[in-house]
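1. build me a structure from this.
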Amino acid sequence: MNIAGATKRLPALAVIFPVLAALLGTPALAGGRGDDGERWDTATASSLLSYIEDAGNQGLRPADYEADALRAALQSQDPQRLDDQAAESFRILASDLAGGHVRPGSRGRYFIPANTLDPPRVEQLAREAMRTGQVGTVLDSLAPQDPAYAALKQELRRGPSNKQTRGHLLATLERWRWLPRDMGQRYLVVNIPEYRLRLYEGGREVASHRVIVGKPSTPTAQFHADVTGVILNPSWYVPSSIIRESVGSLVRNRPAEARRRGYTWTYAGGLRVTQGPGPGNSLGQMRLDMPNPLSMFIHDTPSKELFAREDRALSHGCMRTDKPFDLAQILLGKVGWDRAWIDAVVASRQTTRVALDMPVPVYVVYMTAIPQPDGTIAYAKDPYKLDGSLASQFD
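-> Numbering: from 1, shown residues only. So this is what the prediction gives:
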């Protein structure tokens, strides 16, 4: 063997070999856990298994994270098997905590952008868990940090009194995991089963309003939009579905009454109907400008008496709010509009759009288990019967 010749080739081999090793996937030389010398060992994998075994207290099933396989890998005393299985269990669990167990395509009428956790981020989190040994802390950081989520977990840990209550808790915890971790400095939440709208600023509730939501036959979807302005004295461009259902018949059979109610219409390309601004407008005298492809909005209503009803799933899908001018006043306060100006514009019956200084996100959600300030959990009815089907996806 020509030792001198081989020695001269060593620098070239030193460059080429890591490339070949990476292509071949050699764990100790390729990128990944091996390049930092970090691997799942008995201690960190045992911590991961303990977290998985406790996942039921977050409404998740340990079996989904291959708890038995991880336990067997620990007992095998095979370092490679343990490292591979722990990595896989961690990946699945991290994904579910960060974005929910039920994937976006199986969430029904749900149109809030999904949280994503890409593979490099999972690998980074796994390395942090292995390096620090704080597996639970790393995983907890992926779950919702809102106090409501913690309260729901605590209630589930106590043990629900019946299957229906447990179903509400499981479904609500899961829907919390679907939501963005940062909802904004200032945002609106409409909770459909609770028939309630809330405005938050800096994480603090600053306003609360009763709302009317869609009937079970015309349900309000769960979705996100941005409120960009407030429209005072809006006109109503009647949707074709409502023209077919009721307004079209009124126009054709009782045109004088239709005009008295403020409707005008044309037959260009089919019957098109508009209701002019005023107290009798079906949108009331205030609508939030929140463009969205579902054409679902938050607005006033002339039918104030409906807010006294306990069950308020009554609309065609849009959300009607009580005390609409109070809500408008808070939203427009930052652009200098006080209540006197709002009242003056409303009295004029002139359609006026006032832009917000910054868009305000609105999240329309479906939460049947609602933590209360005193630490208890209130349970709303399930008007669209969604909780049972969602909870069944965990069985």
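2. please count neighbours and contacts with C-alpha atoms only from this point.
-> Fine.
3. could you report the neighbour count for the closest residue to L170 other than its chain neighbours?
-> Leaving out its chain neighbours, the residue that sits closest to L170 by CA to CA, 6 or more residues apart in numbering is G59, at 5.0 Å. Residues contacting G59 under the criterion other CA atoms under 10 Å number 23.
4. how much space between G59 and A72?
-> G59 sits 24 Å away from A72 when distances are taken as CA to CA, to the nearest Å.
5. quick one, helices of the stretch 101-250 of the chain?
-> Taking DSSP state H, counting those that start in this stretch as the test, the helices found in the stretch 101-250 of the chain are 119-132, 135-140, 147-158, 163-178, 240-242, 248-253.
6. now tabulate the ones you listed in CSV and tack on mean neighbour count, mean pLDDT and distance to R287.
-> Formatted as CSV, the helices of the stretch 101-250 of the chain follow (neighbours: other CA atoms under 10 Å; pLDDT from 0 to 100; distance: least, CA to CA, whole Å):
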stretch, mean neighbour count, mean pLDDT, distance to R287
helix 119-132, 16, 97, 41
helix 135-140, 17, 98, 40
helix 147-158, 17, 96, 29
helix 163-178, 21, 95, 27
helix 240-242, 12, 92, 18
helix 248-253, 15, 94, 23
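7. could you dump those helices into CSV with distance to Y267 added?
-> Shown next, in CSV, are the helices of the stretch 101-250 of the chain (distance: least, CA to CA, whole Å):
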stretch, distance to Y267
helix 119-132, 55
helix 135-140, 59
helix 147-158, 51
helix 163-178, 44
helix 240-242, 13
helix 248-253, 11
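8. out of these, which comes closest to D338?
-> Among the helices of the stretch 101-250 of the chain, the nearest to D338 by CA to CA is helix 147-158 (33.1 Å).
9. L314 touches K215, doesn't it?
-> Yes: counting by CA atoms under 8 Å, L314 touches K215, with 4.7 Å between them.
10. identify the contacts common to these two.
-> Applying CA atoms under 8 Å, 6 or more residues apart in numbering, one finds that no residue jointly contacts L314 and K215.
11. how about the helices of the stretch 101-250 of the chain, which one is nearest L199?
-> For those, the distance to L199 is smallest for helix 147-158, at 15.8 Å, taking CA to CA.
12. go ahead and name everything in contact with the closest one.
-> Residues contacting helix 147-158 (CA under 8 Å, 6+ apart): N57, Q58, G59, R166, L169, L173, W176, A369, I370, P371, G375, I377.
13. from these, which two are the most distant?
-> G59 and G375 (19.2 Å).
14. state the pLDDT value of the residue nearest to L170.
-> At G59 the predicted local distance difference test score is 93.
15. ditto for G159
-> Per the predicted model, pLDDT is 89 at G159.
16. count the neighbours of it for me.
-> So G159, with other CA under 10 Å, has 11 neighbours.
17. just I243 next, same as before
-> Neighbours of I243 (other CA under 10 Å): 16.
18. so who does it touch?
-> Contacts of I243 by CA under 8 Å, 6+ apart are S249, L271, V273.
19. same check on P180?
-> Contacts of P180 (CA under 8 Å, 6+ apart): P113, A114, N115.
20. I'd like the distance between the first one and D146.
-> Here the distance between P113 and D146 works out to 18 Å (CA to CA).
21. go on, the second one?
-> Taking CA to CA as the measure, A114 and D146 are separated by 18 Å.
22. neighbour count for these two, which is higher?
-> When A114 and D146 are compared on other CA under 10 Å, the one with more neighbours turns out to be A114, at 16 against 12.
23. now do the same for that one: its pLDDT.
-> 93.
24. before we move on, what about the one 3 residues further on?
-> You'll see L117 listed with a pLDDT of 93.
25. residues contacting it?
-> Taking CA under 8 Å, 6+ apart as the definition, contacts of L117 comprise S95, A98, G99.
26. filter those down to the ones in helices?
-> Using DSSP state H, the subset of those located in helices is S95, A98, G99.
27. the second one against N115, yeah?
-> In other words, A98. Yes: if you go by CA under 8 Å, A98 and N115 touch, sitting 6.7 Å apart.
28. now do the shared contacts for the two.
-> W178.
29. which of the two has more neighbours?
-> A98 (23 against 17).
30. excluding chain neighbours, what is closest to the more buried one?
-> Nearest to A98 is L142, by CA to CA, 6+ apart, at 4.9 Å.
31. tell me how many other residues surround that neighbour.
-> So L142, with other CA under 10 Å, has 19 neighbours.
32. so who does it touch?
-> Contacts of L142 by CA under 8 Å, 6+ apart are A94, L97, A98.
33. any idea which of these is closest to R127?
-> Checking the contacts of L142 one by one against R127 (CA to CA), the nearest turns out to be A94, at 12.9 Å.
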